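Peer 1: Generate a structure from the sequence data that follows.
(chains A and B)
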2 protein chains.
Amino acid sequence: MFLMIEIDSDKPIYMQIRDQVIEGIASGQLPAGTSLPSIRQLAADFGINLHTVNKAYDLLEREGFIQLRRKTGAVVQVSGTLSDTWNERLQALMAEAYAKDVSSAEILQHCQLILGEFAAQHKLSNNS
Amino acid sequence: MFLMIEIDSDKPIYMQIRDQVIEGIASGQLPAGTSLPSIRQLAADFGINLHTVNKAYDLLEREGFIQLRRKTGAVVQVSGTLSDTWNERLQALMAEAYAKDVSSAEILQHCQLILGEFAAQHKLSNNS
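Peer 2: Modelled structure (predicted):
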C-alpha cells in the first residue's frame, strides 16, 4: 500500500495518514493482521515529525482500527463498533445534501457507488 | 428554530452554528428566504464572540447555504451544488464503516434512516 502525503493540503498530515490507512483496510489492501510500518520508519520515509505519525496511529488505535503493541508494532484489526461520532458525522453530511435539495435517491446513489467500489477493490485484493 | 451551543463540546462553536443551520434547512424549519438573526444579535444572545458567528456565516455563505447582503443580512438559499469536499468526506465515512466490517446493507440502512427523518420533519414543517 502506498501512502501519499500532501504537504499543502488543508487536511492535517496525521488525518491524511489516518484516512488512507482506513481506506486501505476498507479496500482490502490491508487485511486484518497486517503490520503497518513503525512510527519511526514512516516518519523517516516522509521526512515528517515522529509526533505526527504517533498522533495518527494513536487515533487509529483509539478508533479501533489498529492495535499498538510494544513487540509487534501497529497491527490492523478488522472488526469492532462504529465510533460515537460516525453517526453524527453521517447525519451532518446527509443534512448538507438534503439542505441543497439533492433528493434522497441521489444521495443514496452516491453512497451505493462508493460502497460498490470498495466491494470491487476488496474482491481484487482477495484474488491477487 | 432554536440554536443550542455547547461550550464544552469538542466541536468548535462556529461549526456547531454551521451544522445546526444546515440541519434546520434540511428539516424544513428554515425554508429558502428565511432571514437568520444578525451576527451581532446571535453573538449577544449566546454571549459569544462576533468573530465566531462571523466565521460560521462566512463558511455557510462560501458553501452556498446562505446569502449575506448588507441590506437584508443572512438569508437562507436552498439549492446549489454539493461542495467539493462532500463526496470526499462521504467516502471517508463509508471507508470507516466498511473497514469495521459493517455490511453495505447496514451502512445504507443508516443513511436511509437519517434521510427518512429529514423527510418526515420536512413534511411536519410544511404542514405547520
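Peer 1: is it true that residue A:94 lies in a strand?
Peer 2: No. Looking at residue A:94 with DSSP: H, G, I helix; E, B strand; the rest coil, it is helix, so not inside a strand.
Peer 1: Kindly state the pLDDT recorded for it?
Peer 2: We have a pLDDT of 94 for residue A:94.
Peer 1: check contacts around it.
Peer 2: By C-beta atoms under 8 Å, 6 or more residues apart in numbering or on different chains, residue A:94 lies in contact with A:107, B:26, B:111, B:114, B:115, B:118. C-beta: built from backbone N, CA, C; applies to glycine.
Peer 1: if we go to 6 Å?
Peer 2: B:114, B:115 (C-beta atoms under 6 Å, 6 or more residues apart in numbering or on different chains).
Peer 1: what helix or strand does the spatially most central residue of chain A sit in?
Peer 2: When chain A is reduced to its mean C-alpha position, the nearest residue by C-alpha atoms, centre = their mean turns out to be residue A:22, at 2.0 Å. Following DSSP states H and E, one finds residue A:22 within helix A:13-26.
Peer 1: In this structure residue A:121 contacts residue A:26, no?
Peer 2: No. Applying C-beta atoms under 6 Å, one finds residue A:121 not in contact with residue A:26, separated by 8.0 Å.
Peer 1: more neighbours, the two?
Peer 2: Per other C-beta atoms under 10 Å in any protein chain shown, whichever of residue A:121 and residue A:26 has more neighbours is residue A:26, with 28 against 17.
Peer 1: what's around residue A:5, how many residues?
Peer 2: Close neighbours of residue A:5, defined as other C-beta under 10 Å, add up to 16.
Peer 1: is it true that it touches residue A:46?
Peer 2: Yes. Between residue A:5 and residue A:46 there is a contact at 5.3 Å, judged by C-beta under 6 Å.
Peer 1: just to revisit the earlier point, ok, the residue nearest to the centre of chain A - contacts?
Peer 2: Contacts of residue A:22 by C-beta under 6 Å, 6+ apart are B:95, B:96, B:99.
Peer 1: With distance to residue B:70 as extra columns, can I get the residues you listed in TSV?
Peer 2: Below are the contacts of residue A:22 laid out as TSV (distance: C-beta to C-beta, whole Å):
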residue	distance to residue B:70
B:95	43
B:96	42
B:99	48
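Peer 1: could you flag which of the residues you listed are buried?
Peer 2: Listed as buried from those are B:95, B:96, B:99; burial here means 16 or more other C-beta atoms under 10 Å in any protein chain shown.
Peer 1: tell me how far the longest helix belonging to chain A is from the chain's mean position?
Peer 2: Assignment by DSSP state H gives helix A:104-127 as the longest helix of chain A. On the basis of C-alpha atoms, centre = their mean, to the nearest Å, helix A:104-127 sits 15 Å off its chain's mean C-alpha point.
Peer 1: Check which helices and strands it sits against.
Peer 2: Other helices and strands packing on helix A:104-127, by 3 or more C-beta pairs under 6 Å, 6 or more residues apart in numbering or on different chains; DSSP states H and E, are helix B:84-99, helix B:104-127.
Peer 1: List the buried residues of stretch A:55-62.
Peer 2: A:55, A:56, A:57, A:58, A:59, A:60.
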